[in-house]
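>>> need coordinates for the following:
(one chain, ligands or ions: 2)
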Amino acid sequence: MTKITIFAVGLIGGSLAMCFKGKPGIKVVGHSNNPSSVEKYLKREVVDEATTSMEEAVRDADYIFLCVPVGNLEEYLLKLSKLPLKPGCIITDVGSTKASIARCAAQLQLKDAYFIGGHPMAGKEKSGVEAATSRLFENAFYVLTPESRTPQEVYDRLAELLKWTKAHIVKVDPARHDEIVGAISHLPHIIAVALVNQIAGYNESNSLYKDLAAGGFRDITRIASSDPIIWRDILLDNKSVLLQLLKDWNAEIASFIRLLEKGDGPGIEQEFLRANQFRNGLPERRKGVIHSFYDVYVDVPDHPGVIGQITTLLGSHRINLSNIQIIESREDVPGVLRLSFSEESHMDKALELLKKDYAVHV
Ligand SMILES: NC(=O)c1ccc[n+]([C@@H]2O[C@H](COP(=O)([O-])OP(=O)(O)OC[C@H]3O[C@@H](n4cnc5c(N)ncnc54)[C@H](O)[C@@H]3O)[C@@H](O)[C@H]2O)c1
Ligand SMILES: O=C(O)C(=O)C[C@]1(C(=O)O)C=C[C@@H](O)C=C1
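Ligands and ions are numbered 1, 2, ... in the order given. Predicted structure coming up:
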């Protein structure tokens, strides 16, 4: 029996637990310091066993996943280094930064255990085990940061286990990881939060800001709803990279200010063209882009009852809809409905059904 121990069964820990639980020869054990969390893990059946005892959690474990906030990773690794672990045990983490935990692990004596840093490049703005799903990592990249002294056999063993996530494993140097992920994940979270707070300030004197906020604002700010503690830790841990990225961001914004001041139309067009080219060249949805929902857009004529018809049709085929949003609805133009599904298979079924009567796109 392969024993997998997961410390902190939240969004990421819970999603990993769901990938492994029930697979042949695997037992998943969850750990939390909080007895009510232990009860919750068991009640939701995301783990086979759960405990508040660290000793019990790691006894005979073959793999240990640290899924705590970045600011607590070192403390957990230090505690593990003082506990008896099964020889050959692989400890890994899922933290969104990799350099500091790699430095910490390199200095520790783990006896017969091994540490390999990890970071699944998939997530959501929601947190907690309630938001966990076994399909979170499907087609996403999963970064591993082995040390040069990590035996190949150990790396292969972890990579093999992670096949249950259906993610693409990729090896990256920890410092290089933090530079790149700082740019494509941490900086966008800062920008989203700053933008929302800027608009929230205007909204205090006129609530029309909130009322009129439509697709554009929602699309660029979804991640502003992410967990404050998780993100506090990530940003502080990647501070030096982010300070440089924010300087570069200021330069980008300053160049837009200059274009507007000069009334430079071609210059603005050029900026959009350049961005369009890069954005449109990103990998397709099914090939590594991370989605917390699968969205389908439906052009619908603006007449009463149409939303009811669509939801009834989906319901009668047992298709679960996670969210529904009217993006635009005016008398003279057709409305656009955004239907969100948490299961890709449900989205595919909905597309099949809806395209008979409506113009649909993803
Ligand atoms: N959210 C994402 O999109 C995402 C994606 C990839 C990796 N990560 C990383 O995964 C890790 C977990 O994030 P998450 O999104 O699952 O968050 P989460 O809030 O869903 O889960 C965090 C878990 O840690 C527990 N926890 C909080 N403080 C703790 C402490 N001091 N000691 C022990 N446990 C504690 C919480 O009870 C919860 O179970 C973080 O290191 C984060 O950087 C997050
Ligand atoms: O999709 C989201 O909500 C995410 O924030 C996921 C996201 C990202 O920025 O892409 C966030 C943090 C992780 O460490 C990895 C992925």
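>>> so where does I253 fall, helix or strand?
helix 239-262 (DSSP states H and E).
>>> which residues touch that helix?
Here helix 239-262 makes contact (CB atoms under 8 Å, 6 or more residues apart in numbering) with 178-179, 182-183, 186-187, 190-191, 235, 264, 267-268, 271. Yep, even glycine has a C-beta here, placed from its N, CA and C like the rest.
>>> repeat that for stretch 343-362.
Contacts of stretch 343-362 (CB under 8 Å, 6+ apart): 135, 138, 285, 294-300, 310, 313-314, 317, 319-321, 339, 341.
>>> quick one, what contacts L42?
L42 neighbours (CB under 8 Å, 6+ apart): E49, A50.
>>> ok, back up a step: now the helix holding I253: mean pLDDT?
For helix 239-262, mean pLDDT is 98.
>>> repeat that for stretch 147-161.
97.
>>> just how off-centre is it within its chain?
Computed by CA atoms, centre = their mean, to the nearest Å, the separation of stretch 147-161 from the middle of its chain amounts to 24 Å.
>>> in that stretch, which residues are buried?
By neighbour count on 16 or more other CB atoms under 10 Å, the buried set for stretch 147-161 is T150, V154, Y155, R157, L158, L161.
>>> go on, stretch 302-310?
So stretch 302-310, judged by 16+ other CB under 10 Å, has buried residues V306, I307, I310.
>>> do the same with stretch 97-104
T97, K98, A99, S100, I101, A102, C104.
>>> from those residues, which is closest to ligand 2?
Ligand 2 has its nearest neighbour among these in T97, at 8.4 Å by CB to the nearest ligand atom.
>>> contacting residues around the residue nearest to the closest one when sequence neighbours are not counted?
Among residues not flanking T97 along the chain, D237 sits closest, at 4.4 Å (CB to CB, 6 or more residues apart in numbering). By CB under 8 Å, 6+ apart, the contact set of D237 is V70, G71, G95, T97, S100.
>>> redo that, cut-off 10 Å
69-71, 73-74, 95-101, 178, 186 (CB atoms under 10 Å, 6 or more residues apart in numbering).
>>> quick check: which element contains G267?
Going by DSSP H and E, G267 is part of helix 265-280.
>>> again, but for D156
Going by DSSP H and E, D156 is part of helix 152-161.
>>> tell me what that helix is packed against?
helix 11-20, strand 63-66, strand 90-93, strand 114-120, strand 141-145, strand 168-171 (3 or more CB pairs under 10 Å, 6 or more residues apart in numbering; DSSP states H and E).
>>> what parts of this protein come near ligand 1?
Selection of the chain residues close to ligand 1 by CB under 6 Å from any ligand atom yields 8-13, 33, 37, 67-70, 72, 94-96, 119-120, 123-124, 127-128, 227, 230, 234.
>>> can you do 5 Å?
Neighbours of ligand 1 within the chain, by CB under 5 Å from any ligand atom: 8, 10-12, 67-68, 70, 72, 94-96, 123, 127-128, 227, 230.
>>> near ligand 2, from those residues?
Among these, ligand 2 is touched by S96, G123 when using CB under 5 Å from any ligand atom.
>>> in PyMOL, how would I select the buried members of the residues of the chain next to ligand 1?
In PyMOL, this line selects whichever of the residues of the chain next to ligand 1 come out buried by 16+ other CB under 10 Å:
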select buried, resi 8+10+11+12+67+68+70+94+95+96+123+127+227+230
